[in-house]
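1. show me the folded form of this:
(2 chains)
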2 protein chains.
Amino acid sequence: MTSSPIPGFHAIVPAGGAGTRLWPLSRAGHPKFLLDLTGSGRTLIQQTWDRLVPLTGPDHLLVVTGAAHAQSVGLQLPDLPEANLLAEPSPRDSAAAIGLAAAVVAHRDPDAVVGSFAADHVVRDLPAFQAAVREAVATARTGPVVTIGIEPTFASTAFGYIEAGPALAVDGAPSARRVTSFVEKPDAQVAAGYLAHGGYRWNAGMFVARADVLLGELAKHRPQLHAGLLELAAAWGTPQRDQALAAIWPGLEKVAIDYAVAEPAAAAGEVAMIPAEFGWDDIGDFASLADLLPDDTHEGRVRVLGETEHVVVQDSEGVVVATSGRLVAVLGLDDVIIVDTPDALLVTTRKHVQDVKSMVERVRAQGRSDLA
Amino acid sequence: MTSSPIPGFHAIVPAGGAGTRLWPLSRAGHPKFLLDLTGSGRTLIQQTWDRLVPLTGPDHLLVVTGAAHAQSVGLQLPDLPEANLLAEPSPRDSAAAIGLAAAVVAHRDPDAVVGSFAADHVVRDLPAFQAAVREAVATARTGPVVTIGIEPTFASTAFGYIEAGPALAVDGAPSARRVTSFVEKPDAQVAAGYLAHGGYRWNAGMFVARADVLLGELAKHRPQLHAGLLELAAAWGTPQRDQALAAIWPGLEKVAIDYAVAEPAAAAGEVAMIPAEFGWDDIGDFASLADLLPDDTHEGRVRVLGETEHVVVQDSEGVVVATSGRLVAVLGLDDVIIVDTPDALLVTTRKHVQDVKSMVERVRAQGRSDLA
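-> Prediction:
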């Protein structure tokens, strides 16, 4: 049965990042992962829960989030055990977040396999996703750190890429391949080359590994960070936790897990990949969000997040509207993006979706940090 | 003294028209004349009052408006005598509205000179306006129907034009000329020809005449309408008023005063004109509204109706924003017009300001007449 939990598998969900390019929907105070950005009725972190819990069961799913959002996460995920909600006193990047959760899991279950999956991505093909995770876990049991490589659908410059190496022979993981290298976000020309080459995959930050392997890689490449995380994990669930957090957390190195673990491990030939295609998107900006919205209304001329009947368009194509209940009327503008929230309105175009981030800086500079 | 009232002069202010092209600021329920569209702190009808009262005194200014708006007008113009607020049971166009007021004035003061001035226009140069009205009244006393011809500042296709004839010799009205004809809204080519010719003026619907002359013209060209209006005027201010209104008003011909009086009178050589230039605008659409807003903020890249600090722009020129208190952020759009009201938002461009009218039809067609 593909829907039964995978024995010994634990999912780690780092829930961080404000999603600034989705402002004003997404704010520091109510970040992207807490929002229902696809109109499904479930927020992104709830959808993440929905697709992982069949693979882990509720007791083997951990969320790591900022202290400010822990309560909201708990309310949105009522079946998440309290002990599995790890609140960070301050942001210390993904190696600390995922490493802490891996250390906590390893403390509970030394033979565990852990997998990290962002709280604010979407996946449209659940069976394909779950099949890929099963292959990744099967591969991870044989030793390597395993990543899931997303089949690129266009020459994106917004993602890092994974270069595939030769096929591996792993029981239960027919697609497994070695990873030659991780490469940073490319420019447009390089990205086009990757797409034409066919051997490159998007890095969606999905890493699966035996907890002891992951921690071993951390110990090898970031020994101080590793030591701090083990000390924290030992105190977790004890009365000493808060004291340990206060003493250790602020001193932990801020580093992404890609740099701390994935890249050096790949260079050493210790990373495998499961290539997969399951309708993945990180909803990085409004253009990406638009592609996830239905286009079956207004003769396909507008995509709406919210109630379609609140939108009226005329002489306009390629319009994207997020409504908050008011009527939004668009006249004579193509490819415009209108994001209507109760206290802030953004009007921009598909061409400018990457610049929303600097717009938010401007809003802050204009003294409206309350809205940023 | 130019600021003293003109003896025997009565101003008639027809306050009608929803200003559909200014939707969603302007609605059937709160039309243009009730709004402060220039950020001056006074609504358009209040500004109309402010510029006419010095010429008439408060007792000689009459407002004719729809029954639905009579209360709002009364609240906005607390010094308007109740007997000078004429409420129409239903809209019957300008000949009935202005004719009724003229008949009411004539009943009170047979030697009166009346002048009609729309409730929703703006005038920037008050002394020039008042000087023109004084010339118009002086000319009207000598017999003709007098119009004020606005110096065209561009080849507008939104206004009718007045063709100037030879100069007249009138005491106290050195600029007075005969009118050769009134011409309908021209196409762009014809409008350009008028502008180049120099002998054409915009028709702003300002008519000044002895009440007996105006009513005489109505009697000549629209005898049934004239008879009905006289009957109503006789009942005005008596207990029979409501009964007379119910019996007569619905049967009155719906016709514009331009067609009913001005055009035939001009054809008969009975219309004079005072050419004038006083920063007039009918705020017919958002492009026109934009020109009235200050451009001294955001380095001139945006004009704001409302609080300037609620607007943030980036990579955008020629932006027009009407705010209702929320933050409005504009990124990467030139010549865009954003009209933000609590229950409806319009996003359009300067090129499409004329099409707002059909947009409102669409809003109605989509079942949202409550917002139209």
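2. from here on, just use CA atoms for contacts and neighbour counts.
-> Will do.
3. so where's the stretch 51-200 of chain A uncertain?
-> Within the stretch 51-200 of chain A, the set of residues satisfying pLDDT under 70 is empty.
4. neighbouring contacts of the one helix or strand A:A191 maps to?
-> Secondary structure from DSSP states H and E places A:A191 in helix A:188-197. If you take C-alpha atoms under 8 Å, 6 or more residues apart in numbering or on different chains as the criterion, helix A:188-197 is touched by A:P152, A:F154, A:A155, A:S156, A:T157, A:Y200.
5. which SSE is immediately downstream of that helix?
-> strand A:200-210.
6. show me what that next one pairs with in its sheet, parallel or antiparallel.
-> strand A:113-116 (antiparallel), strand A:145-150 (antiparallel), strand A:161-167 (antiparallel) (DSSP bridges).
7. can you redo the ones you listed as a markdown table with mean neighbour count?
-> As requested, the strands paired with strand A:200-210 are arranged in a markdown table below (neighbours: other C-alpha atoms under 10 Å in any protein chain shown):
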| stretch | mean neighbour count |
| --- | --- |
| strand A:113-116 | 27 |
| strand A:145-150 | 28 |
| strand A:161-167 | 20 |
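8. and the residue nearest the centre of chain A, helix, strand or coil?
-> The centroid of chain A falls nearest to A:A118 when counting by C-alpha atoms, centre = their mean (2.5 Å). Following DSSP: H, G, I helix; E, B strand; the rest coil, A:A118 is assigned to coil.
9. please tell me how far it sits from chain B.
-> 29 Å (C-alpha to the nearest C-alpha, to the nearest Å).
10. quick one: that residue and A:T65, what's the gap?
-> Separation of A:A118 from A:T65 (C-alpha to C-alpha, to the nearest Å): 11 Å.
11. list residues touching both of these two?
-> A:P14, A:A15.
12. among the contacts of helix A:188-197, which two are most distant?
-> Comparing all pairs in the contacts of helix A:188-197 by C-alpha to C-alpha, the longest separation belongs to A:T157 and A:Y200, at 12.9 Å.
13. between the two, who's got more neighbours?
-> Shown here are A:T157 and A:Y200; by other C-alpha atoms under 10 Å in any protein chain shown, A:Y200 has more neighbours (26 against 16).
14. I'd like the distance between that one and B:R124.
-> A:Y200 is 66 Å from B:R124, by C-alpha to C-alpha.
15. also A:S94?
-> For A:S94, the distance to B:R124 - C-alpha to C-alpha - is 62 Å.
16. with neighbour numbers in mind, choose between those two.
-> It is A:S94, of A:S94 and B:R124, that has more neighbours when counted by other C-alpha under 10 Å, with 22 against 13.
17. would you confirm that that one contacts A:Y259?
-> No: assessed by C-alpha atoms under 8 Å, A:S94 is found out of contact with A:Y259, at 9.9 Å.
18. A:P14: what's it in contact with?
-> Neighbours of A:P14 in contact, by C-alpha under 8 Å, 6+ apart: A:V63, A:V64, A:T65, A:S94, A:A97, A:I98, A:S116, A:F117, A:A118, A:A119.
19. what of A:V312?
-> Residues near A:V312 by C-alpha under 8 Å, 6+ apart: A:L327, A:V328, A:A329, A:V330, B:R362, B:V363, B:Q366.
20. got phi/psi on it?
-> As for A:V312, its main-chain torsions (degrees, to the nearest 10) stand at phi -130, psi 130.
21. which stretch of helix or strand covers the residue of the stretch 1-150 of chain A found nearest chain B?
-> Nearest residue of the stretch 1-150 of chain A to chain B: A:P24, at 9.4 Å (C-alpha to the nearest C-alpha). For A:P24, there is no enclosing helix or strand under DSSP H and E.
22. tell me the contacts of it?
-> A:V339, A:D340, A:T341, A:A344, A:L345, A:L346, A:L371, A:A372.
23. and those near chain B, which?
-> Subset of the contacts of A:P24 in contact with chain B: A:A344, A:L345, A:L346, counting by C-alpha under 8 Å from any C-alpha of the partner chain.
24. give the buried residues for stretch A:279-295.
-> A:279-287, A:289-290, A:292-293, A:295 (16 or more other C-alpha atoms under 10 Å in any protein chain shown).
25. can you list which of these are found in helices?
-> Among those, the ones falling in helices (DSSP state H) are A:F286, A:A287, A:L289, A:A290, A:L292.
26. mind checking how far stretch A:120-131 is from the chain centre?
-> 12 Å (C-alpha atoms, centre = their mean, to the nearest Å).
27. A:D281 pairs with what?
-> A:V122.
28. was I right to think it contacts A:A118?
-> No: with contact defined as C-alpha under 8 Å, A:D281 does not count as touching A:A118 (11.0 Å).
29. if I pick A:L292, what's in contact with it?
-> By C-alpha under 8 Å, 6+ apart, A:L292 lies in contact with A:T38.
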